[in-house]
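Engineer: just a sequence and a predicted model for now, questions to come.
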Amino acid sequence: MLKLNDKHFQVIEYEEINKNDIEKKYFKELEEIAQTTEFLAYSKKDVLKSQNYVGIIQTKSNFVLEILPKISVNNDYEESKRILIEMIKTLKNHPFKNISIANLKTDKMPLLEIFILFFLKELDKLVKKGIKRDYISIQDNQRFLKGKLLINEHIKKNLVHKERFFVEYDEYIEDILENRVIKTTLKKLEKLSKVFENQRRVREFIFVFDGVGEIKSLSELEKIHIDRSKKYYENVIEMCKVFLDNKSFTPYKGETVSFAILFDMNKLFENFVGYLFKKYCDKVKLQHKKYYLFDVDKKYRLIPDIVFENKIFDTKWKIISSCDDILGSDFYQMFAYAKKYNSKDVTLIFPKVYNIEEKEFGFDEEYKLKIRFIDLNNCKNEIERIVND
């Protein structure tokens, strides 16, 4: 575990968090998370470990735990963080997918601050294109007649104040829902960010949106409709949802957690390897859904992660130290793929952490299963090796 400061720690997935390593009140908060979620678990008494989920957890007392993927025996925190960002960038329909870290000084920056930096870069593009205005219907009691007089309200409110008019009129202003969502996000990031440059930029944008209010509840996020004229708002608004509603791959919201962006490593790894196959190979099909285990009843659909030519590949984010650690259910699954697709070449792909000998198993004389490990530090060569194996 790496201590960035008394309230900010980094851990590698499956790395243990000892009660004596952090303040008692922070460990108690982590215990509450472990008791109600699968993000953390006990490895033994007074010792927690992260498992299968990576990202950021910030508790109510502002304790921050960053969880990074395990990609090597040596637990290189910076390299793990870099690869995590690369994985997130390949997620479909995720707002951080098009972000580039080139020329950004993120080496020593906490993961949360990197996400904030990405948001600020996108918001800067939006502001340069122009903050959107729209006609908003306003009802107000004014000293002059403007727009349409609302007779009933006028009578109720102005029996005494004869000099006033209760009117409804349209005004072309910046205070629209999308801008209020951005303003609310900026106000939240003003409290979350601890990096001076990010704080400075956040305050600058708050000034830019000075004439805009904030949303009153998260339910307003559901009312957002991005039409063609606001298309350039789309990515920024999706990022706002991540920060405001913890919108990632985890639905957890509890009293202990004030902010969390967490990703299921099984899905991240599956998506990342699929992305690499599509990038370096032609005619790759991902999440193929042609067959069922029982054709007659159409039950138990088979969905291999990757189909390439006559080969089947499936990914498993499991840190194993030998092929004996592979579950029997994984073998059964690959056997079903081999038979249904009539593929004599099926492959299980695991992340390479330990130096393990790759193996092959014969289901029978005709069908075989390959066990392969991919080094995430050398992706292109690894994909080419596995495909041409």
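Structural biologist: Structure's in. What do you need?
Engineer: what number of residues lie near the closest residue to H8 other than its chain neighbours?
Structural biologist: Counting by Cβ to Cβ, 6 or more residues apart in numbering, H8 lies nearest to V64, which is 4.5 Å off, once chain neighbours are set aside. The C-beta positions use only the backbone N, C-alpha and C, and glycine is treated the same way. As a burial measure, V64 scores 22 neighbours (other Cβ atoms under 10 Å).
Engineer: before we move on, what about K60?
Structural biologist: 12.
Engineer: so it touches Y26, yeah?
Structural biologist: No: counting by Cβ atoms under 8 Å, K60 does not reach Y26; the two are 10.6 Å apart.
Engineer: hey, what's the residue nearest to H8 bridged with?
Structural biologist: H8, Q58 (DSSP bridges).
Engineer: is it true that I33 touches F39?
Structural biologist: Yes: I33 lies in contact with F39 (Cβ under 8 Å); the separation is 6.2 Å.
Engineer: which neighbours do these two share?
Structural biologist: I57 (Cβ atoms under 8 Å, 6 or more residues apart in numbering).
Engineer: settle it for me: which of the two has more neighbours?
Structural biologist: F39 (24 against 20).
Engineer: ok, which stretches of the stretch 151-300 of the chain are strands?
Structural biologist: Assignment of strands within the stretch 151-300 of the chain using DSSP state E, counting those that start in this stretch yields the ranges 165-173, 257-264, 284-286, 292-294, 299-301.
Engineer: show me what the longest one is packed up against.
Structural biologist: Spelled out, it's strand 165-173. The contact analysis (3 or more Cβ pairs under 8 Å, 6 or more residues apart in numbering; DSSP states H and E) places strand 165-173 against strand 134-142, strand 148-149, helix 151-157.
Engineer: indicate which one of the ones you listed is closest to N18.
Structural biologist: strand 134-142 (54.1 Å; Cβ to Cβ).
Engineer: each with direction, which strands does the closest one pair with?
Structural biologist: Strand 134-142 is paired, per DSSP bridges, with strand 165-173 (antiparallel).
Engineer: how much space between R201 and K60?
Structural biologist: Distance of R201 to K60, given as Cβ to Cβ, to the nearest Å: 26 Å.
Engineer: I misspoke; the intended subject was L268.
Structural biologist: Applying Cβ to Cβ, the value for L268 to K60 is 27 Å.
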